[in-house]
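Engineer: Would you be able to build a 3D model of this:
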Amino acid sequence: STSRGLGDVYKRQVPTSYALCEDDSIIGTAFYLMEFMDGRVLWDASMNGHSKEESYGVYASMNSTMAALHSVDPYEIGLETFGKPGNYVGRQVSIWTKQYQDSETEEIKDMNKLIEWLPNNLPSDKPLRIVHGDFSLTNLMLHKVEPQVIAILDWELSTLGDPCADFSYHCMQYRLNPSLADEKYCLEQGIPTEKEYVAMYIEKSGLDLKKEWELYMAYNLFKSAGILQGIVGRVSKIGIYFLMIKFGASFGFAVMGRISLLIGRFEDLINYSVKDYNYATPVIFIFMIISLLIWSLKQKDNTEEYKG
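Structural biologist: Residues are numbered from 1 along each chain as shown. Below you'll find the predicted structure:
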């Protein structure tokens, strides 16, 4: 396993795994047992309610933790077969292009431009490293008192690949979280700005990605589009039909109207987030889905209104 392989080199922040059971008859699914880590998980990346000192400490620890992970050579710890070597971003672009096209609900010209442009403008090759796949504050455990990462959790998306792609995906929070996108807020809260955070990683990892930073951002927005278009496709093809059958056509059309409103709102957010990188403008719907679900749940006691 990843934690077994990393254990000797990276033991402090990778919980020890004790046993893996692949026999579904025990509890109905495969499962594993891992070391208990006594700490806390923070859910708000904007660090609202925390001191400037703690905010900075948490971000500095996150940054150094990821840089340390990306310094581990998989060949030196027996994880050289953990994933396919080479062309990580190219393979990801191919995968998410197919996902997007298979789930496409309408033609978005800017998205088609990005699909055509990305394969011919891939980042330069980087050292093969272990990529977590979903490195974020919510997938880390912190010391109960100190602003220090004590464990990296949720390794199910981990593989071998481009460490800069992994780090830049983590930094998407700076483009998608309005608080983190506001440099004034970051300064007041003690959080490194995006530019400062990237510089910290470059210094600690030795990987210089300044010239390709916006390219990585475009790639990660594209990847998010592929993921989220799949969700949108399923919602449009299955979810709306279910709502119509369950609660009536009026309710289903009300949800569709809400989707259209939210798409407009979040296209504005995307345009702001990616600045001049117009290739990525049409792609992020995650907040739309969350908002839609919350809104739908709030309507569950008022469904008669939508039955016509």
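
Engineer: Now residue 15: closest residue in space, sequence neighbours ignored.
Structural biologist: On the basis of CB to CB, 6 or more residues apart in numbering, the spatially nearest residue to residue 15 that is not a chain neighbour turns out to be residue 35, at 4.2 Å. For every residue, glycine as well, the C-beta is placed using N, CA and C.

Engineer: Which pLDDT value belongs to the most centrally placed residue in the chain?
Structural biologist: Central residue check for the chain by CA atoms, centre = their mean: the C-alpha nearest the mean position is that of residue 134, 5.1 Å away. Predicted confidence (pLDDT) for residue 134: 93.

Engineer: I'd guessed it sits against residue 157; true?
Structural biologist: Yes. Between residue 134 and residue 157 there is a contact under CB atoms under 8 Å: 5.1 Å.

Engineer: which residues of the stretch 101-250 of the chain fall in strands?
Structural biologist: All strands of the stretch 101-250 of the chain, identified by DSSP state E, counting those that start in this stretch, fall at 129-131, 140-142, 149-152, 159-161.

Engineer: Verify the contact between residue 174 and residue 194 for me.
Structural biologist: Yes. At 3.9 Å, residue 174 counts as touching residue 194 under the criterion of CB under 8 Å.

Engineer: what do the two both touch?
Structural biologist: Here residue 174 and residue 194 have residue 180 as joint contacts, going by CB atoms under 8 Å, 6 or more residues apart in numbering.

Engineer: quick one, which of those two is more surrounded?
Structural biologist: Neighbours were counted for residue 174 and for residue 194 using other CB atoms under 10 Å; residue 174 has more, 23 against 18.

Engineer: show me the contacts for the more buried one.
Structural biologist: Residue 174 makes contact with 180-181, 193-194, 197 under the criterion CB under 8 Å, 6+ apart.

Engineer: any low-confidence regions in the stretch 151-300 of the chain?
Structural biologist: Confidence mapping of the stretch 151-300 of the chain against pLDDT under 70 gives the ranges 234-300.

Engineer: if we go to 50?
Structural biologist: 249, 251-253, 257, 260-261, 263-292, 294-300 (pLDDT under 50).

Engineer: any idea how far the residue nearest to the centre of the chain lies from residue 172?
Structural biologist: From residue 134 over to residue 172 the distance is 11 Å, taken as CB to CB, to the nearest Å.

Engineer: between the contacts of residue 174, which has the most around it?
Structural biologist: Neighbours here are counted as other CB under 10 Å. On that basis the top member of these is residue 180, with 24 neighbours.

Engineer: Isn't it up against residue 46?
Structural biologist: Yes. Counting by CB under 8 Å, residue 46 is a contact partner of residue 180 at 6.2 Å.

Engineer: shared neighbours, these two?
Structural biologist: Residues touching both residue 180 and residue 46 comprise residue 191, with contact defined as CB under 8 Å, 6+ apart.

Engineer: where do the helices sit along the stretch 51-200 of the chain?
Structural biologist: Applying DSSP state H, counting those that start in this stretch to the stretch 51-200 of the chain gives helices spanning 52-69, 88-102, 109-117, 163-170, 173-176, 178-181, 183-189, 194-205.

Engineer: would JSON lines of those with distance to residue 219 be doable?
Structural biologist: Listed next are the helices of the stretch 51-200 of the chain as JSON lines, based on distance: least, CB to CB, whole Å:
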{"stretch": "helix 52-69", "distance to residue 219": "18"}
{"stretch": "helix 88-102", "distance to residue 219": "6"}
{"stretch": "helix 109-117", "distance to residue 219": "9"}
{"stretch": "helix 163-170", "distance to residue 219": "7"}
{"stretch": "helix 173-176", "distance to residue 219": "13"}
{"stretch": "helix 178-181", "distance to residue 219": "19"}
{"stretch": "helix 183-189", "distance to residue 219": "23"}
{"stretch": "helix 194-205", "distance to residue 219": "15"}
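
Engineer: Out of these, which one sits most buried?
Structural biologist: Among the helices of the stretch 51-200 of the chain, ranked by average contacts under mean count of other CB atoms under 10 Å, first place goes to helix 163-170 (a mean of 24).
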